[in-house]
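Visitor: below is the structure, and that's it, no one-letter string:
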Ligand code: PSV
Ligand code: MN
Ligand code: MN
């Protein structure tokens, strides 16, 4: 037996002891799809500096080329989110065709309500009606783009807010926000979803119009069933129990998707799983628990979650950063799939606080690498995608693109 087989046999024995079906976990893990963001392949940075890297894509087509490499090596990333106008092209059908030729599809379309000068004091909640109109028109244009590229998700982050008390009327802004979202919602086709993201601060520092999950939930609830909440893991204050938010939204049928990344302090957009892997595991624990729920609405909501990465790779090479992100997500999802639910329920029923906590923690401590190796091997994928990428020569090949590619603008 080689080392890999030995490790797998050990994991298999642990699962058997705990009454966990490892084959079922492998099947579910194989199905996991993670969308990567076009902007994660471009140059990005902080307000201090954007460091330019060699070989960064020069346009949306080249971002798709890079995303295709991530999918080829991981087998888990068949779609790419686009951001308009960062990924503006003359012919969106051609972009979708290019994605198809690369074995991908276009995923969520992200409007941009934060880069035009007119949006300094707000976009859809600006006191000036003509600016609100411009912002709404942009979102409607994004719905048209969705039709052209075959996307079913409009992923909306609204940066609007104020910096000082008294700067604006918060309630009037709430009404304008609702009006704008209503117009966009009504323009959606029946198979489209509007995912509403929230963030507690930045760029606004006093109040943000969509500051937390409750406000996003309220907006979605008023709009209708095609509107759901998008949880960006970076958009929470220190110590927020994100898995609790996930559980509540799942139970209400309103969890639409994730933007995965890691935060240490604020909206750091670091590699998912790099800072708080246990939090990520606990989020997946809620999701896997919901997928198994006897409540059909809860189970269906969990199965329809759009898993997306939203990261800015400022100092690290972008493609390997994305591959690592995908592997980190797979790792924590794999662990959540190995939770012995019957044992956990039993201990909860007995009010066995330490026993129940141990069930989750011990599952988190399992070495799931053999499971990941197995599903990769079975699909003819590299067992170690990071290593294969490093040896592929792709970074050298794309260096001919030069420096100063397309990124934050
Ligand atoms: C800004 O905070 C942000 O990171 C949001 O999370 C959006 O989803 C993303 O930019 C893309 O617009
Ligand atoms: Mn986000
Ligand atoms: Mn963010």
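Guide: Received, thanks. All of these numbers come straight from a predicted model, not from anything done at the bench. Ligands and ions are numbered 1, 2, ... in the order given.
Visitor: going forward, measure contacts between C-alpha atoms and count neighbours the same way
Guide: OK.
Visitor: any idea of the mean pLDDT in stretch 332-341?
Guide: Mean pLDDT, stretch 332-341: 98.
Visitor: can you give me the offset of it from its chain's centre?
Guide: 20 Å (Cα atoms, centre = their mean, to the nearest Å).
Visitor: with stretch 372-387 instead?
Guide: Taking mean C-alpha positions (Cα atoms, centre = their mean), stretch 372-387 and its chain are 22 Å apart.
Visitor: got the contact list for it?
Guide: With contact meaning Cα atoms under 8 Å, 6 or more residues apart in numbering, stretch 372-387 is reached by 26, 29-30, 72-75, 320, 323-324, 330-331, 334, 388.
Visitor: dump the residues you listed to CSV, plus distance to residue 7 and secondary structure.
Guide: As requested, the contacts of stretch 372-387 are exported to CSV (distance: Cα to Cα, whole Å; DSSP: H, G, I helix; E, B strand; the rest coil):
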residue, distance to residue 7, secondary structure
26, 15, helix
29, 18, helix
30, 19, helix
72, 26, helix
73, 23, helix
74, 21, helix
75, 23, coil
320, 26, helix
323, 23, helix
324, 22, helix
330, 18, helix
331, 15, helix
334, 15, helix
388, 21, helix
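Visitor: out of these, who has the most neighbours?
Guide: Highest neighbour count within the contacts of stretch 372-387, by other Cα atoms under 10 Å: residue 334, with 29 neighbours.
Visitor: thought residue 369 was touching it, still the case?
Guide: No. In this structure, residue 334 is not within contact of residue 369 by Cα atoms under 8 Å, at 9.0 Å.
Visitor: so residue 81: helix, strand or coil?
Guide: strand (DSSP: H, G, I helix; E, B strand; the rest coil).
Visitor: what sits against it?
Guide: Contacts of residue 81 (Cα under 8 Å, 6+ apart): 35-38, 106-110.
Visitor: how near is it to residue 285?
Guide: Distance, residue 81 to residue 285, using Cα to Cα, to the nearest Å: 25 Å.
Visitor: next: residue 61.
Guide: Separation of residue 61 from residue 285 (Cα to Cα) stands at 36 Å.
Visitor: residue 315: neighbour count?
Guide: Residues near residue 315, counting by other Cα under 10 Å: 14.
Visitor: and it, that one's in a helix?
Guide: No. Assessed with three-state DSSP, residue 315 is coil; it does not lie in a helix.
Visitor: what's the per-residue pLDDT of it here?
Guide: 96.
Visitor: ditto for residue 409
Guide: Looking at residue 409, the pLDDT reads 51.
Visitor: wait, doesn't residue 205 sit right on residue 167?
Guide: No. With contact defined as Cα under 8 Å, residue 205 does not reach residue 167; the gap is 11.8 Å.
Visitor: list just the nearest of the contacts of residue 81 to residue 355.
Guide: The closest of the contacts of residue 81 to residue 355 turns out to be residue 35 (Cα to Cα; 36.2 Å).
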